[in-house]
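**Q** Quick one, structure for this:
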Amino acid sequence: QVQNIESGGGLVQAGGSLRLSCSASGRGFGSYTIGWFRQTPGKEREFVAAIRSSSNSPYYGDVAKGRFTIAMDNAKNTVYLQMNSLKPEDTAVYYCAVGSPEHLAIQGEYDSWGQGTQVTVSS
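**A** Down below sits the predicted model:
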């Protein structure tokens with residue numbers, strides 16, 4: 001089973017950028033799909049973006065379109081989420097998930113989750 005570890009979160013001012021990383025231990029991501037979700041207290045996890053290893057095709061949730069970019073570096077077994085033009089409402093814990101989901105935005109279809117990384121955007 002792939003274990004994934006997130007990093008790259010932090011505090012940034014509105015309008016700034018952050019790059020999150022999701023690194024796979026062991027044998028890498030293989031043919032899995034890697035997704036990013038985020039969660040704020042009292043709310044359900046929200047789909048941000050995903051990428052299929054087999055095709056390297058990115059998919060984005062509404063919150064990410066036009067501002068975030070997901071990309072995979074197979075040599076480093078790492079998936080990146082580049083977040084630009086950050087807004088205070090992007091403040092959340094961001095999670096990396098790995099699995100073979102049929103529906104990319106449904107968190108229950110992913111098998112492995114990281115511990116999350118906090119992103120805080122100040123106004």
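**Q** Quick check: phi and psi on Asn84?
**A** phi -120, psi 160 (degrees, to the nearest 10).
**Q** list the contacts for the nearest residue to it once chain neighbours are set aside?
**A** Of all residues not flanking Asn84 in the chain, Ser17 sits nearest, at 4.7 Å (C-beta to C-beta, 6 or more residues apart in numbering). C-betas here are computed from N, CA, C, even on glycine. Residues near Ser17 by C-beta atoms under 8 Å, 6 or more residues apart in numbering: 82-86.
**Q** Out of those, which end up buried?
**A** Buried members of the contacts of Ser17, counted by 16 or more other C-beta atoms under 10 Å: 83, 86.
**Q** Which of the contacts of Ser17 fall within strands?
**A** Members of those lying in strands (criterion: DSSP state E): 82-83.
**Q** Same list, the contacts of Ser17, but as a markdown table with pLDDT and distance to Ser57 please.
**A** Shown next, in a markdown table, are the contacts of Ser17 (pLDDT from 0 to 100; distance: C-beta to C-beta, whole Å):
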| residue | pLDDT | distance to Ser57 |
| --- | --- | --- |
| Gln82 | 98 | 17 |
| Met83 | 98 | 19 |
| Asn84 | 98 | 21 |
| Ser85 | 97 | 23 |
| Leu86 | 98 | 25 |
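**Q** got the contact list for the spatially most central residue of the chain?
**A** In the chain, the C-alpha nearest the mean C-alpha coordinate belongs to Trp36, at 2.5 Å (C-alpha atoms, centre = their mean). Contacts for Trp36 (C-beta under 8 Å, 6+ apart) come out as 20, 22, 48-50, 70, 79, 81, 94-97.
**Q** what do you get for Tyr95?
**A** 6, 36-39, 45, 113-114, 116.
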